[in-house]
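**Student:** have a look at this prediction, sequence included:
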Amino acid sequence: MSILALAGCGTASNTGPVPGETGYVRGFLGQVAADEPRAAVVARDVLSAGGNAIDAAVAGGFALSVTLPSRAGIGGGGACLVFLPSRGVTESVTFPAGARASVPEGADRPAAVPMMARGLFALHTRGGKLPFEQLVIPAEQAARFGIDVSRALGADLAIAGVPLAADPWARLIFASPGGQPLAEGGRLVQPDLAATLATLRTAGVGDLHQGNLARRVEAVSAHAGAMLTVAEMRAAVPTIGEPLVTPGTSTGDSIAWLPNPGGTAAAAAFRALPGAATSGATLPASAGMLVVDRDGMAVSCAFSMNNLFGTGRVAQGLGFLFAAAPGVGQIQPPLLAAAIASNGPLRAFRAASVGTGQAGAPLGAAAPLAAALRGATATEALRGLPDPARGLVASCPRYLPGQSEQCTAAVDPRGFGVALGTLD
């Protein structure tokens with residue numbers, strides 16, 4: 001059965017899968033790496049069904065909101081870089097879960113302004129090939145029909161599941177009938193989140209910012225101590241612009257970093273390598289995803305709830321966790337770190353990385369990228385990262401388009417994600 005009703009392109013057999021079916025595109029598809037395996041599979045299936053890297057990253061981002069809601073979600077945000085080989089340029093799309101101008105009276109768990117859906121929509125405008133609405137479907141189905149808790153989510157629930165269960169709506173989702181936090185392999189069904197995703201698909205993401213869905217968020221946020229307003233959600237928009245760019249290691253190469261504190265720190269760590277160090281400060285948990293397609297289009301994204309499981313409270317009847325408001329109490333703005341190395345004159349992709357791990361995120365993006373540019377395979381590039389840095393990396397030593405058989409991708413072996421060498 002088709003996972004997406006979409007129009008694809010590629011080599012198809014007269015008796016094989018049709019557009020919209022996994023396996024429609026044959027041969028080398030690209031590379032996918034993510035901090036949660038099912039989200040990586042969703043992204044890979046979009047490539048196989050005829051989508052490009054932007055389409056795959058959008059679908060994978062929504063999937064993370066279902067499969068790893070501790071670190072990514074509709075109530076959260078993120079930042080992405082996208083390399084467009086048609087123009088030989090890299091753009092940034094930043095949509096962090098927004099800070100509040102002030103903490104409203106009565107907000108005992110002030111929430112950040114939700115930005116995930118609007119951010120993924122903005123990413124899609126940079127060159128997505130498939131209808132945006134259809135990229136929401138895999139996440140919606142996963143939420144509605146349920147998934148088994150992955151090792152990644154199970155590890156987070158083992159840390160925060162007990163305090164999370166203090167919220168009755170979170171307990172309904174993340175606890176067993178006996179009241180214990182779900183463990184790896186437990187069944188996670190999220191019908192309210194599925195309904196919210198269906199609304200985003202049918203009414204559009206604008207409904208979450210200035211429509212009926214926004215008014216519902218305002219109402220339920222008061223009960224959750226989050227105190228969001230429709231006016232705040234209406235005013236929150238992603239930023240599309242130019243990344244921070246530094247010279248690469250080969251003629252014509254350049255490296256694009258996110259134009260935010262995490263990107264600045266990652267660029268500085270790259271210049272300081274070897275010997276870059278990380279701070280011991282406690283900063284928010286995050287999740288990463290990167291996708292490279294067969295044509296050399298690449299997307300590198302970091303997502304965050306600004307704290308593990310955000311505020312720890314679920315939007316009643318909507319099924320998503322509120323992200324924690326940054327700059328309030330001990331909640332610091334997340335260091336979102338991602339990078340893409342490319343060759344503009346050749347209009348070709350060279351390497352990409354995402355860093356996670358609290359204060360180690362900048363080094364988690366910089367060190368693997370530096371190693372990959374020195375010729376290391378993706379797996380080799382991730383060796384020796386110091387705690388708390390974690391990384392994802394993809395590398396094509398002979399560029400892409402080019403000798404695709406030399407392209408590799410890898411995830412940090414200390415984490416629970418997966419890298420898929422996408423060859424059908």
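**Tutor:** In hand now; what should we look at? Numbering: from 1, shown residues only.
**Student:** quick check on Gly78: phi, psi?
**Tutor:** The phi/psi pair for Gly78 (degrees, to the nearest 10) reads phi 170, psi -160.
**Student:** compute the number of surrounding residues for it.
**Tutor:** As a burial measure, Gly78 scores 32 neighbours (other Cβ atoms under 10 Å). All C-beta spots, glycine's among them, are computed from the backbone N, C-alpha and C.
**Student:** which element, helix or strand, includes the residue nearest to it when sequence neighbours are not counted?
**Tutor:** Nearest non-adjacent residue to Gly78, counting by Cβ to Cβ, 6 or more residues apart in numbering: Phe303, 3.7 Å away. Assessed by DSSP states H and E, Phe303 sits inside strand 298-304.
**Student:** could you dump that strand to PDB, C-alpha only?
**Tutor:** Written as PDB, here are the backbone C-alpha positions of strand 298-304 (Å, rounded to 0.1, in the frame of the first residue of the first chain):
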ATOM      1  CA  ALA A 298      21.100  18.100   1.500                       C
ATOM      2  CA  VAL A 299      19.200  19.100   4.700                       C
ATOM      3  CA  SER A 300      20.700  19.200   8.200                       C
ATOM      4  CA  CYS A 301      18.400  19.900  11.100                       C
ATOM      5  CA  ALA A 302      18.500  20.200  14.900                       C
ATOM      6  CA  PHE A 303      15.300  20.200  16.900                       C
ATOM      7  CA  SER A 304      14.600  20.900  20.600                       C
END
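**Student:** just the residues contacting stretch 189-203, thanks.
**Tutor:** Stretch 189-203 has contacts (Cβ atoms under 8 Å, 6 or more residues apart in numbering) with 62, 65-66, 74, 117, 133, 136-137, 139-141, 143-146, 173, 207-208, 211-213, 317-320.
**Student:** quick revisit: these two touch, right, the residue nearest to Gly78 and Ile74?
**Tutor:** No. Using Cβ atoms under 8 Å, Phe303 is not in contact with Ile74, being 10.9 Å away.
**Student:** so what sits against both of those two?
**Tutor:** With Cβ under 8 Å, 6+ apart, Phe303 and Ile74 have common neighbours Met116.
**Student:** give the contact list for the residue nearest to Gly78.
**Tutor:** Phe303 touches 61, 64, 71-72, 76-78, 116, 286-289, 336, counting by Cβ under 8 Å, 6+ apart.
**Student:** now, which of those residues lie within helices?
**Tutor:** Counting by DSSP state H, the contacts of Phe303 place 61, 64, 116 in helices.
**Student:** which of the contacts of stretch 189-203 are buried? Put it as a PyMOL command.
**Tutor:** Of the contacts of stretch 189-203, the buried ones can be selected in PyMOL as follows, counting by 16 or more other Cβ atoms under 10 Å:
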select buried, resi 62+65+66+74+117+136+137+139+140+141+143+144+173+207+208+211+213+318+319+320
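**Student:** which residue ranges form the helices in the stretch 201-350 of the chain?
**Tutor:** In the stretch 201-350 of the chain, the helices defined using DSSP state H, counting those that start in this stretch lie at 207-210, 212-223, 230-235, 261-272.
**Student:** lowest mean pLDDT across the ones you listed, which one is that?
**Tutor:** Note on the helices of the stretch 201-350 of the chain: helix 261-272 shows the lowest mean pLDDT, a mean of 89.
**Student:** in terms of secondary structure, what does it contact?
**Tutor:** Where contact means 3 or more Cβ pairs under 8 Å, 6 or more residues apart in numbering; DSSP states H and E, helix 261-272 is packed against strand 244-247, strand 253-257, strand 337-343, helix 361-373.
**Student:** try it again with 10 Å
**Tutor:** Contacting helix 261-272 under the criterion 3 or more Cβ pairs under 10 Å, 6 or more residues apart in numbering; DSSP states H and E are the following elements: strand 77-84, strand 244-247, strand 253-257, strand 298-304, strand 337-343, strand 348-356, helix 361-373.
**Student:** how close does the nearest residue to Pro413 once chain neighbours are set aside get to Ala214?
**Tutor:** Closest residue to Pro413 apart from its sequence neighbours, by Cβ to Cβ, 6+ apart: Leu382 at 7.0 Å. Remark: distance between Leu382 and Ala214 (Cβ to Cβ, to the nearest Å) = 41 Å.
**Student:** which one of these two is surrounded by more residues?
**Tutor:** Shown here are Leu382 and Ala214; by other Cβ under 10 Å, Leu382 has more neighbours (27 against 21).
**Student:** these two touch, right, the more buried one and Ala376?
**Tutor:** Yes. At 8.9 Å, Leu382 counts as touching Ala376 under the criterion of Cβ atoms under 10 Å.
**Student:** for the two, list the residues in contact with both.
**Tutor:** Jointly contacting Leu382 and Ala376 under the rule Cβ atoms under 10 Å, 6 or more residues apart in numbering are 368, 393.
**Student:** tell me the confidence at the closest residue to Asp148 other than its chain neighbours?
**Tutor:** Closest residue to Asp148 apart from its sequence neighbours, by Cβ to Cβ, 6+ apart: Gly185 at 5.4 Å. We have a pLDDT of 98 for Gly185.
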